[in-house]
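**Student:** sharing a model that was predicted from the sequence below.
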Amino acid sequence: VQLQASGGGLVQPGGSLRLSCAASRFVLDGYAIGWFRQAPGKEREGISCLASTDGSTYYADSVKGRFTISRDNIKHTVDLQMNSLKPEDSAIYYCAADRSMPASLRAPFWGQGTQVTVSS
């Protein structure tokens with residue numbers, strides 16, 4: 001199982017970024033796909049997840065109302081649209097595939113991280 005995260009970058013506070021997690025259709029149909037982030041000196045935290053079964057979603061309180069998770073069936077990605085970004089959103093962002101919903105830190109499959117920096 002391979003996951004490929006992309007889309008990170010440098011953005012000003014209040015700006016937007018869209019992250020993508022590319023995986024095979026087999027993975028997207030069989031696993032919940034979660035987005036996690038880890039800032040320097042902090043523990044990795046789960047921030048959003050999309051279930052493969054019923055399309056249900058999970059958002060951490062810290063991102064609720066600002067981030068939106070969705071699936072692109074043409075590109076075979078699970079995307080995380082991040083709006084109204086804050087400096088505290090700066091972190092390395094990872095995607096993971098898990099049988100549980102929401103995906104947990106014990107998820108068996110992880111993509112490489114993509115850096116998001118929110119700074120003026």
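**Tutor:** Yep, that arrived. Residues are numbered from 1 along each chain as shown.

**Student:** and stretch 5-24, what's buried?
**Tutor:** By 16 or more other C-beta atoms under 10 Å, the buried positions in stretch 5-24 come out as 5-8, 11, 17, 19-23. In short, each C-beta sits where N, CA and C put it, glycine included.

**Student:** what's that stretch in contact with?
**Tutor:** Residues outside stretch 5-24 that contact it (C-beta atoms under 8 Å, 6 or more residues apart in numbering) are 1-4, 33, 35, 72, 75-87, 92-95, 97, 111-120.

**Student:** same deal with stretch 49-63?
**Tutor:** 28-35, 45-48, 67, 69-71, 78, 82, 88-89, 101-103.

**Student:** check the gap between T53 and S62 for me.
**Tutor:** Counting by C-beta to C-beta, to the nearest Å, the separation of T53 from S62 is 25 Å.

**Student:** which one of the two has more residues nearby?
**Tutor:** Per other C-beta atoms under 10 Å, whichever of T53 and S62 has more neighbours is S62, with 13 against 9.

**Student:** mind listing what's buried along the helix-or-strand element of the chain with minimal mean pLDDT?
**Tutor:** Using mean pLDDT, DSSP states H and E, helix 25-30 stands out as the lowest-scoring helix or strand of the chain, at a mean of 94. By 16+ other C-beta under 10 Å, the buried positions in helix 25-30 come out as 27-28.
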